[in-house]
Structures are given as structure tokens and as C-alpha cells.
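Colleague: Structure, please.
(2 chains)
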Amino acid sequence: MSPSPMRPRPNPPVLPCPSVRLDAPLRARAQRFAARLSAARGRREGAARAGLSTGGLEFDHYRPYRPGDDLRALDWDVYARSDQAVVRVLRPEAGERWAILLDTSASMGVGPPGKLQRAAECALALAHLGLRQEAELELIDVRSRERFRLTRPTQSGALSSWLEARVARGALDPATLRAELAAARGSERAFLLSDLSDAGAALAGAEAARSDTGAALSDAGAALAGARNSGSAGMSGGARLRGGTRWTWIGILAPLELEPRELGPVRWIDAESGDELALEVDREVLGAYGRALEGARERLVRAAAPRGIALARGSSAEEFERILGRALRA
Amino acid sequence: MELLGIRFLAPGFLALLALPLAALWLGARGGAVLALVTGTLESWREAQRHRPAQEQRRRRLPPALLCLAAALVFAALALARPERIAAAAARRFTIVVDRSPSMNLVENGRTRLERALEPLRKWEAAELRAGDELVWIDAAPDWARYDRSDAIWVSDRFDVLPRYAGYSASGGGAVPGPIAREGTARLDWDGARVVRVEGAFQAQELTCWVDPDLPEALRELAHLWAGQRTLVMNDTPAKSDLFSFELVRAGEPRPAELARDGWSAQAQVAAPLTAAAGETTWLAAGGPCVLAAPGRVRCSIVALEEPAGDPAAFAVSWGELFDSVLRDPMGVVRLGERTPRGEPAWRAPPGSTPAGPGEDEPLGAGCALLAALLALGAWVLRGIRA
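Modeller: Sure, this is the predicted structure:
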């Protein structure tokens, strides 16, 4: 994600990993991951019911039992009466709206392994998790603004096809990002899958803009302001960014970006703008780069924490299960 | 083509030296820059801004490229077949010369030695270059030791020709003349028979000298032997002496037991003798104590007790030593030396031919080996940056 304006180039760079491929084994892994996570959550909530009554987790409706469901959620009375295995669905699980925002800008085509590929895998697993919890799901391509809604597990095939149709290209328009972040505000849970490479600067820029009423907001600041205020330029009320929405931002970087080696003379090409920077990548430069990357991350953490945004970072070299494991604990 | 003391037999291959130069030039220009697409260009820009002071340092070449360039240099040199000029000029030939009396026999106004050296001088003028070296050696008892391609044998006749060495034989006919002495009489060979000439030698031609400081037993024995051989005893040593017996007293005398040819005796001997050229050890006790050479005997026996065993064995033993070193008077050459020697013969030493193509191999092979090692080093270092 690169909200700052970039000079367009007539010939955009060839991206190493621009596409997504979700084969059958991968889809099965995503389903198993969602089932495992869902079962674990059921066990936690069951324990809460045993000790603290329902603890605010009210019965909403029944649904058929699916393999992987916590057996304690099975309604044995119904089973005895009707010989049908059904699971009680409690209120917090029912009727939730989940928004999964996927950044498909050209910078997500960096790799290998490709960042967009890993982000799409995470999106697929999150979608399965939401379906298991009977949430209404909406997946949004924040660059093209294409969306995909689903409420039933039977639509998972179409979901995979939609994800496989994503291609990393072009730059992310800050106004578009702002609008999509704002639109997600109506959801109970929202995930942003991106590389977040400039999100820290964007948040910091937004803070700076708030203290200087005479200055126009930077595009980056405006983007975040939009996320917090439904398009309003004002930056007051960080809590409104949450607006009842639990945000998780998952930043995925390629190994070449996270832990580059001493590469000697390198011509770095920006994936989105095509801007170039010739640099001798030696030990000293690597140290300075590591500090710059860490500085950006710290800025992002400092800006996101007060707004209740959970942050997680992963490498595209990691399995999606590890990335999501960290993100959902964050 | 010659360069820095090295001659190149195939200088055209030196043009290949342009290859490593080109490789280094391209490497210095940074021709192999990696182009990488990234989403964190801003962080790289920040890294460039905060880079330590040596940002503008000069580009260093990768070790692998340096190794490869060096390998190409040595490969080109190996193909150009280098030969060290100094090595080509520094040839050494060993001239082994027979110094037996026959070589001094004069025939037609020239000695056999002079005639044997004649073809050698011609070869020397034709073949030897500046810097070539000739080493002259008097004929050794073991000629085979010098049967080498860089040696030349010089004599009047070879019963067995050398296998590898060159040779020069003077050849020649019979040289009649005195062949022996019997008292003051002389035996002459006229080419067919031996003629005795009575009173041919004067007393001054038959002198000898015995050191008066020698132990009494040895001194008296030497006097007796000289009398028997009709030698005249001089008071002081002279060059013309046919025999001399000298005591060499050096260092503190030490007791020693001497034994040879069936006799033994307790003695006091001085420091061990050092053999000069042509001398052989006849008696030793903790080091040489009697040395013999044609015309002289040197000993370090300071005192000698009565020999044990047969007294005759002692006298015969020493007498044989004196006889073996006794020189003939001037002009007397044994009959065997005066006999005909056949035709002259000459063969140049094989090593005398000009340095052939094979001589540059050590330099070329060394270059090729270095090139291979450096290429291997380049392969090992290929992943390491400057």
C-alpha cells in the first residue's frame, strides 16, 4: 500500500508474483484452519457458559452440526427428540458482518513468495472462519473496489474463484482506500490485508495534520481520517475509527523486503510508480534500511494502538496459518 | 617476443590479455547490477539518506571477478608459451679430461691432449652462447658417473664409448721412448723392442726426501727403502724429488693403535689429516693419519712403538706404499701409455643443441596450474561480494 502520490511511468515494472492460485489442497487447509479455530473458540465460550451462565452469550438459533464443531455446543435434547445433530448458535456469532479488505496494488506483487498470494490465502481462511461463525461476509478489493458477498459455505467455490481473479497491478488511489475503510465501518469485524509499508507514515501524517488546522491533510492522512470519520477530514475521536468495528490490520512483506541480504549494487524499482533508486546494498545500508523499516513499524504501532487497531506483521515466506495465528491473537 | 626477461614462443596469444582487462573494466563500471522490484522503496530512500559517511566510497571489485581475471591472465600467458631467457642462456657443460701420462706424449709436435681438445674448441666456438659455462674436471676413477648429456669426455682412446655424453678422442700412433728405470739404467721402447741404457740417469735426477722428525722406525725404514731404489736422499725437500715422506704435526698428539697388512703398533698421532686433491688415505686411526699421492706420502704419526707381530710384515707394508707412489724420472712413460690409440673420434654432447620448445614447459605449466587454481578460487568465491 503506497498512499503517497507517485509519478506515473509509461512502462510499469514487471512484477515477480502478481497473481493468486488457490488449489484444492490449499482450500482444504483453509477450511481445516477455520474449523480448528472455530472449535477452540467454542470451547472457550462453553467454559464461559459453565462458569458464568451464558455470560451475555444468548441463544440465537440452531444450525446443523458440521465436523469440527465443539461437541459441547451440540443440543442433545434436540438430538434425542428429532435424531438430528444441531448446534446452538449464540448471539455474538449470529448476524455479525465481517469485512475483509484486500490490497491488490502492484506492491503486493513483490516476492517471491508473492505477498498477494499469501494475503489471498489469509482472506480465504478468514472467510471460512466467518462462515463457520455464520457471519455475513464481504470481501473488498480496495484497489478496484470490486466486492464479493457471501453468507453460505456453499459459496466457497465462488469465493476461491473471486480471489484467484485478483491481480496485483497499479497504484492504490488514496481516495479509494479512504472510501473503502469508511465503508467497512459498518461491520463488526474488519480485516485489512496489505503490506502496510506506508501506513505508519500515513497515520503519523494524519496526526500532524490534526494539529495544524491551516494545512491541508496529506493524502495519507486523509485516507486514515476517512477510515475514522466516514470521509470527514477532522481527526478527532479516534474511538470513532473503531466505531464498534474491531479492526485487524495484517501487514505482509516479502523476505526481500523484511530481511534483505548484502546484495551489492542494486537498482531498486518501486512496484507501483516505477521510480528507481540505485544503491550499493552492503552491511551499513542494510543496517540503515532495517532501522528505517522498524521506524515505520513503530510509527504505525504508536498511531494504531490508541485507535484499537490490532496490528500483525508476517512474511510471505510464512504459512498463512502462522500469520493468522498471530493476527487473531493480537 | 621478449619481455622482462621472458621470451614468448607464441606471442599472438598475449592478445587474450584483453579479456581479463575487459572483465575488470566491466566489473568496475558495475555492469552486473541487480534490478529488484520492491514495495519498500521509501525505506531504501531513508536508508540512503541516513547512510554512514562512506556512502561515496569507491566501488570495489568482487573477489571472484578478481580471481577470474587473474586466471584469464595466467591462461593467456600459458598459451603464449613463456620461456625464461636467463634459464635458456645458463647452460653448463662438464668437460671430463683424462690426465694420464699418455695425454702428454708428443706426436708431430703436439700432445695427445692438445689434439683431443681441438674439436672441443671448434664446438665451443660454434655452439656456446654468452653466459654458457664450462666446468673442467680431471678424469675421475669412475667415468660412468659423468655419462650425462651435458658432459664431454676427453681422452686419447675410449675402450667403451659413453652412452649419453659427448666425447673427443685424440687417437694417435705409437710413441716410442723411455718406459722404465732400473737403478740408474733406463729402459727404452723403440716401437718394437725394449733397449736397456746403462747409467742413463744422474744422481740429481733420482732424489728423494724423508722428514727427519718422523719416528725413528719409519725414518730408518724409508732410508733403507730409498737406498734399495738407488734414490739419493736430499736434506731439504725439492720439486724434482721422485719421493718425499713428510710428517704433518698439527694439534695435540693422542694415543692410537695402528694396524694394517698384518702388523699393529701403539702410536701417538697428531690431528687427523685432510686429504688434498689426488691424495688417498692409506692408514687411519680416528681419521686419516697417512695420505698417499704420486711422489709423496704425508703422515701424522708423531711417535711409534715397536710393531707387534711379524716385523717383516711391517716393512713390506710400508715398502709397498713407497713403491706405489714413487714417480718415474722425467720423460719415462710406461709402455702401456705409449702404444697406438687408433683414429681420432668426436661426438658433440646432446645437451649442446639450442634450447628446444620443451624447455619453456616449466614456466608454461606453472602458468596453466595457476590459472586452474585461480579459476577454482573464482568458483568458490562466486557468492561473495566486494
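
Colleague: the bottom helix or strand of chain B by mean pLDDT?
Modeller: Counting by mean pLDDT, DSSP states H and E, chain B has its least confident helix or strand at helix B:85-89, which shows a mean of 57.

Colleague: any idea how far the residue of chain A found nearest chain B lies from residue B:314?
Modeller: Residue of chain A nearest chain B, by Cβ to the nearest Cβ: residue A:107 (3.1 Å). Just so you know, the C-beta spots here come from the backbone N, C-alpha and C atoms, and that holds for glycine as well. From residue A:107 over to residue B:314 the distance is 115 Å, taken as Cβ to Cβ, to the nearest Å.

Colleague: where along the stretch 201-330 of chain A do the strands fall?
Modeller: Taking DSSP state E, counting those that start in this stretch as the test, the strands found in the stretch 201-330 of chain A are A:246-253, A:264-270, A:276-281, A:310-315.

Colleague: Alpha carbons of the third one, as PDB, please.
Modeller: Meaning strand A:276-281. Taking C-alpha atoms only, strand A:276-281 is exported to PDB below (Å, rounded to 0.1, in the frame of the first residue of the first chain):
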ATOM      1  CA  GLU A 276      14.200   3.800  -9.300                       C
ATOM      2  CA  LEU A 277      16.900   4.000  -6.700                       C
ATOM      3  CA  ALA A 278      20.500   2.800  -7.400                       C
ATOM      4  CA  LEU A 279      22.100   1.700  -4.100                       C
ATOM      5  CA  GLU A 280      25.000  -0.400  -3.000                       C
ATOM      6  CA  VAL A 281      23.400  -2.800  -0.500                       C
END
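
Colleague: Show me what it is packed up against.
Modeller: Under the contact definition 3 or more Cβ pairs under 8 Å, 6 or more residues apart in numbering or on different chains; DSSP states H and E, strand A:276-281 sits against strand A:264-270, helix B:41-49.

Colleague: swap in the second one?
Modeller: Under the contact criterion of 3+ Cβ pairs under 8 Å, 6+ apart, the helices and strands touching strand A:264-270 comprise strand A:276-281, strand B:34-38, helix B:41-49.

Colleague: Check the ones you listed for me and report the most buried one.
Modeller: Neighbour counts (mean count of other Cβ atoms under 10 Å in any protein chain shown) averaged over each of these peak at helix B:41-49, with a mean of 20.

Colleague: Okay, angle between that one and strand A:264-270 too, please.
Modeller: Taking axes from the mean of the first three to the mean of the last three Cα atoms, to 10 degrees, one finds that helix B:41-49 is oriented at 140 degrees with respect to strand A:264-270.

Colleague: What mean pLDDT does helix B:41-49 get?
Modeller: What helix B:41-49 shows for mean pLDDT is 87.

Colleague: next SSE after it?
Modeller: Per DSSP states H and E, the first helix or strand lying C-terminal to helix B:41-49 is helix B:63-79.

Colleague: Residues contacting that following helix, please?
Modeller: B:10, B:13-14, B:16-17, B:19-21, B:23-24, B:27, B:364-365, B:367-368, B:370-375, B:377-379, B:381-384, B:386 (Cβ atoms under 8 Å, 6 or more residues apart in numbering or on different chains).

Colleague: mind listing which of the residues you listed are in strands?
Modeller: Within the contacts of helix B:63-79, no residue falls in strands by DSSP state E.

Colleague: Mind putting the strands of the stretch 201-330 of chain A into JSON lines with mean pLDDT?
Modeller: Below are the strands of the stretch 201-330 of chain A laid out as JSON lines (pLDDT from 0 to 100):
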{"stretch": "strand A:246-253", "mean pLDDT": "90"}
{"stretch": "strand A:264-270", "mean pLDDT": "87"}
{"stretch": "strand A:276-281", "mean pLDDT": "87"}
{"stretch": "strand A:310-315", "mean pLDDT": "89"}
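
Colleague: Identify, out of those strands, the most deeply packed stretch.
Modeller: strand A:246-253 (a mean of 24).

Colleague: Tell me the helices and strands packed up against that strand.
Modeller: Secondary-structure packing of strand A:246-253 (3+ Cβ pairs under 8 Å, 6+ apart): helix A:115-132, strand A:189-194, strand A:310-315, helix A:320-329.

Colleague: Among the helices and strands packed on strand A:276-281, single out whichever gets nearest to residue B:82.
Modeller: Within those, the stretch nearest residue B:82 is strand A:264-270; the backing value is 35.5 Å (Cβ to Cβ).

Colleague: partners of that closest one in the sheet?
Modeller: Its sheet considered, strand A:264-270 pairs with strand A:276-281 (antiparallel), strand B:34-38 (parallel) by DSSP bridges.

Colleague: how near is residue B:272 to residue B:301?
Modeller: Computed as Cβ to Cβ, the residue B:272 to residue B:301 distance reads 12 Å.

Colleague: give me the low-pLDDT residue ranges for the chain?
Modeller: Going with chain A. Scanning chain A for pLDDT under 70 picks out A:1-10, A:42-61, A:90-95, A:197-244, A:330.

Colleague: um, chain B though
Modeller: For chain B, applying pLDDT under 70 flags the ranges B:1-5, B:29-32, B:51-60, B:85-90, B:139-141, B:351-362, B:383-386.

Colleague: In it, what residue comes closest to chain A?
Modeller: Taking Cβ to the nearest Cβ, chain B has residue B:39 as its residue nearest chain A, at 3.1 Å.

Colleague: Buried residues in stretch A:296-315, which are they?
Modeller: For stretch A:296-315, burial by neighbour count (16 or more other Cβ atoms under 10 Å in any protein chain shown) applies to A:296-297, A:299-300, A:303-304, A:307, A:309-315.

Colleague: export it as CSV, just CAs?
Modeller: Output of stretch A:296-315 as CSV, limited to C-alpha atoms (Å, rounded to 0.1, in the frame of the first residue of the first chain):
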residue,chain,number,x,y,z
ALA,A,296,7.9,2.9,10.1
ARG,A,297,6.5,0.0,12.1
GLU,A,298,6.9,1.8,15.3
ARG,A,299,5.1,4.9,13.9
LEU,A,300,2.3,2.6,12.8
VAL,A,301,2.1,0.9,16.2
ARG,A,302,2.0,4.2,18.0
ALA,A,303,-0.7,5.6,15.8
ALA,A,304,-2.8,2.4,15.7
ALA,A,305,-2.8,1.4,19.3
PRO,A,306,-4.9,4.3,20.6
ARG,A,307,-7.5,3.6,17.9
GLY,A,308,-7.8,0.0,18.9
ILE,A,309,-6.4,-1.3,15.7
ALA,A,310,-4.8,-4.7,16.2
LEU,A,311,-1.6,-5.0,14.1
ALA,A,312,0.2,-8.1,12.9
ARG,A,313,3.1,-8.5,10.5
GLY,A,314,4.1,-11.5,8.6
SER,A,315,6.4,-12.6,5.8
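
Colleague: That stretch vs chain B: in contact?
Modeller: Yes: legend: contact between stretch A:296-315 and chain B by Cβ under 8 Å from any Cβ of the partner chain is shown at residue A:296.

Colleague: Can you get me the start-to-end distance on stretch B:220-235?
Modeller: End-to-end span of stretch B:220-235 (Cα to Cα, to the nearest Å): 15 Å.

Colleague: Give me the contact list for that stretch.
Modeller: Where contact means Cβ under 8 Å, 6+ apart, the residues beyond stretch B:220-235 that reach it are B:183-184, B:203-204, B:206-210, B:214, B:241-243, B:245, B:314-315, B:318-319, B:322-323, B:326.

Colleague: Filter those down to the buried ones, ChimeraX style.
Modeller: The following ChimeraX line selects those of these that are buried, judged by 16+ other Cβ under 10 Å:
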select /B:184,206,207,208,209,210,214,241,242,243,245,314,315,318,319,322,326
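
Colleague: measure stretch B:244-259 end to end?
Modeller: Using Cα to Cα, the end-to-end distance of stretch B:244-259 comes out at 22 Å.

Colleague: Buried residues of that stretch, list them for me.
Modeller: Residues of stretch B:244-259 classed as buried: B:244, B:245, B:246, B:247, B:248, B:253, B:256, B:258 (neighbour count, 16+ other Cβ under 10 Å).
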